[in-house]
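1. Dropping a prediction and its sequence here:
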Amino acid sequence: KFSHQDYASDSEWAELQGQQGLTTLMLRDGSAKIVMSRGVSLAGTVVDTSGNPVTKGLVIWHDAPYHGQEVHESQIDDVGQFETLPLQPGEYPITIVAPGFQPDRQMVTVSNSMDAFQFVLKSGKQLTLKIIDPEGKPIPGAYVGLRKWRGAESLYNYHHPNVPDSCIPRRAGENGVYVWDWAPDDAVTYKIDAKGFRSHTVTLTATEAEHVVKLMSSLVASGKVTDAKTGELVQAFRVLPIHVNRPDRLTTLFHGAVTGEEGQYEIR
């Protein structure tokens, strides 16, 4: 995987290697050579519907930047201008995320002969979620994560030190109400989590009325552990959940382990 700030970098492992026919034999005998091109940066401006510059936000050129293997975002500057890293010529999904405005996603062809590009953003819509438990009581601080929008994951609100902050809210308030007042006017898929409750995935569109989302209590497995020979309770042990991705692929979730005592256990 090759990357350089002034050249078009690999967007995935072995991209240039595959395009240029590098083999293991060439790597071993020292004859391997990779040619990196200078690439083309997409540059332009972001404005509102009145033509005023939008001075805060991100320009994203990947449909799953959080899971990507390179930098796929650049900041909009204080005069509404942006420039991506050098890219290989071709078609790219460009997503604009700017606080106060509806996100936008367009397919853009990047080439050596292209002109500066302009994105025009509309005012955002307000999305309100009221998150409640099975008894109708609000769940304070419930986490609301973005999953899919227009078939992509370019709209995200993950919190991670290596990922630029999109400024999209992540949690409901103490009253169990989550508000995103610059949501798009089309459907977004959300995953809602809270301690002690099952995750819930729902696809919603911003409307004037609030959406009510009910979380169900977590399922609990409990029981006892005995010695197979003596029948006596095992005094100390650990219980670990196993995630079955598919029948032949099991993943041990060590972070979900619980400690059992005097033969008894309970795990959510």
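-> All right, it came through fine. Please read these numbers as outputs of a predicted model, since none were measured by experiment.
2. only C-alpha atoms for contact and neighbour calcs from this point on.
-> OK.
3. Tell me the buried residues in the helix or strand of the chain with the lowest mean pLDDT?
-> For the chain, the helix or strand with the lowest mean confidence is strand 242-246, at a mean of 89 (criterion: mean pLDDT, DSSP states H and E). Buried residues in strand 242-246, counting neighbours by 16 or more other CA atoms under 10 Å, are absent.
4. Mind listing the strands it pairs with, and their directions?
-> strand 249-252 (antiparallel) (DSSP bridges).
5. Now do the SS call for residue 148.
-> Classification of residue 148 using DSSP: H, G, I helix; E, B strand; the rest coil returns strand.
6. who's in contact with it?
-> 155, 188-190 (CA atoms under 8 Å, 6 or more residues apart in numbering).
7. a markdown table for those, including neighbour count and pLDDT?
-> Output for the contacts of residue 148, formatted as a markdown table (neighbours: other CA atoms under 10 Å; pLDDT from 0 to 100):
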| residue | neighbour count | pLDDT |
| --- | --- | --- |
| 155 | 25 | 94 |
| 188 | 20 | 98 |
| 189 | 18 | 98 |
| 190 | 18 | 98 |
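8. Tell me how many other residues crowd the nearest residue to residue 166 once chain neighbours are set aside.
-> Spatial nearest neighbour of residue 166, excluding adjacent residues (CA to CA, 6 or more residues apart in numbering): residue 157 at 5.9 Å. Neighbour count for residue 157, taken as other CA atoms under 10 Å: 19.
9. what's the answer for residue 237, then?
-> When neighbours are defined as other CA under 10 Å, residue 237 has 14 of them.
10. Are there helices or strands packed against whatever helix or strand it lives in, and which ones?
-> Counting by DSSP states H and E, the element that carries residue 237 is strand 236-239. When contacts are defined as 3 or more CA pairs under 8 Å, 6 or more residues apart in numbering; DSSP states H and E, strand 236-239 packs onto strand 258-261.
11. Just the helices from the stretch 1-150 of the chain, written as ranges.
-> Assigned by DSSP state H, counting those that start in this stretch, the helices in the stretch 1-150 of the chain fall at 15-19, 24-29.
12. Please identify the deepest-packed of those.
-> Sort the helices of the stretch 1-150 of the chain by mean neighbour count, taking mean count of other CA atoms under 10 Å, and helix 15-19 sits at the top with a mean of 14.
13. next one: that helix to chain centre, how far?
-> Centroid separation for helix 15-19 versus its chain: 27 Å, with CA atoms, centre = their mean, to the nearest Å.
14. contacting residues around the strand holding residue 237?
-> Here strand 236-239 has contacts from 257-263, 265, 267, using CA under 8 Å, 6+ apart.
15. Also stretch 259-268?
-> In this structure, residues lying in contact with stretch 259-268 by CA under 8 Å, 6+ apart are 218-226, 233-239, 258.
16. end-to-end on that stretch?
-> Terminal residues of stretch 259-268 lie 12 Å apart, using CA to CA, to the nearest Å.
17. try stretch 84-97
-> This stretch, stretch 84-97, spans 14 Å end to end (CA to CA).
18. So which residues of the stretch 151-268 of the chain form strands?
-> For the stretch 151-268 of the chain, strands defined by DSSP state E, counting those that start in this stretch occupy the ranges 177-183, 188-193, 200-204, 211-214, 221-224, 236-239, 242-246, 249-252, 258-261, 264-267.
19. Distance-wise, check the residue nearest to residue 173 when sequence neighbours are not counted relative to residue 178.
-> Ranked by CA to CA, 6+ apart and with sequence neighbours excluded, the top spatial neighbour of residue 173 is residue 141, at 5.3 Å. Distance from residue 141 to residue 178, counting by CA to CA: 9 Å.
20. who touches both of those two?
-> By CA under 8 Å, 6+ apart, the residues touching both residue 141 and residue 178 are 171-172.
21. circling back: close enough to count as contact, the residue nearest to residue 173 and residue 171?
-> Yes - counting by CA atoms under 8 Å, residue 171 is a contact partner of residue 141 at 5.4 Å.
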